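Enquirer: coords please:
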Amino acid sequence: MSKFVILSGCSGDGKSTLLAELAKRGFAVAEDPGRRIVKQQLESAGEALPWVNMAAFAHSAIRMALQDLVDAQKRSRLTFFDRGLVDAVAALHHATGEAISSDLIAANRYHEEVFMAPPWHEIYHADPERRHGLESAIAEYERLMNIYPALGYKVRVLPKLAVGQRADYILRHLPQELLR
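Expert: Below is the predicted model:
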């Protein structure tokens, strides 16, 4: 059983806040590769930005997600990921039409259950690292809701609750042996 749990879903729906809550509770976490890449690219005037060169951005996200998995394997304990390899490969597929590499996905599996944060209009906001609107975020969410099950993952949609309650919800729905 994989100890790598994905939090995915709609942009701007509280995944990063939820990840911070899980970290506060002592769990290992891997922050969203996309947000880290955007921050790095903005600081260095790079072009691997989703609004400049989506393919370069997605390729960078794939590399970073793979490195996050390597780093998590070294810890050998439960790790929560704010997005991951599947999200990055899905972004590349959307940007370029490039086929989703089932071999790459199969060789780098996460826990079978993915926690998907749905669109949440009341908390969505753009920022310097998230420039797209809610409509784009919802379209991405819908793509991910199709891609994860097609790759053999079970999707559990997170309820729209306060962050602590969302964290409790995740922990209640994971196998106890994973939490030890």
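Enquirer: SS state for Arg143?
Expert: Here Arg143 is recorded as helix under DSSP: H, G, I helix; E, B strand; the rest coil.
Enquirer: Let me see the backbone angles for Lys154.
Expert: When quoted as degrees, to the nearest 10, the phi and psi of Lys154 stand at phi -100, psi 130.
Enquirer: That one pairs with what?
Expert: Per DSSP bridges, the residues bridged to Lys154 are Glu113.
Enquirer: pLDDT weak spots in the chain?
Expert: Counting by pLDDT under 70, the chain contains low-confidence residues at 1, 121, 124-133.
Enquirer: tell me the centre residue of it?
Expert: Arg83 (0.9 Å; C-alpha atoms, centre = their mean).
Enquirer: How about that one: what's its closest non-neighbour residue?
Expert: The shortest distance from Arg83 to any non-neighbouring residue, by C-beta to C-beta, 6 or more residues apart in numbering, is to Asp32 (4.8 Å). (Each C-beta comes from the backbone N, C-alpha and C, glycine too.)
Enquirer: helix, strand or coil for Ser8?
Expert: Per three-state DSSP, Ser8 ends up strand.
Enquirer: From Val52, how far out is it?
Expert: If you measure Ser8 against Val52 using C-beta to C-beta, to the nearest Å, the figure is 24 Å.
Enquirer: quick one, which of these two is more surrounded?
Expert: Ser8 (27 against 11; other C-beta atoms under 10 Å).
Enquirer: ok, longest helix in the protein?
Expert: Taking DSSP state H as the criterion, the chain has its longest helix at helix 54-75.
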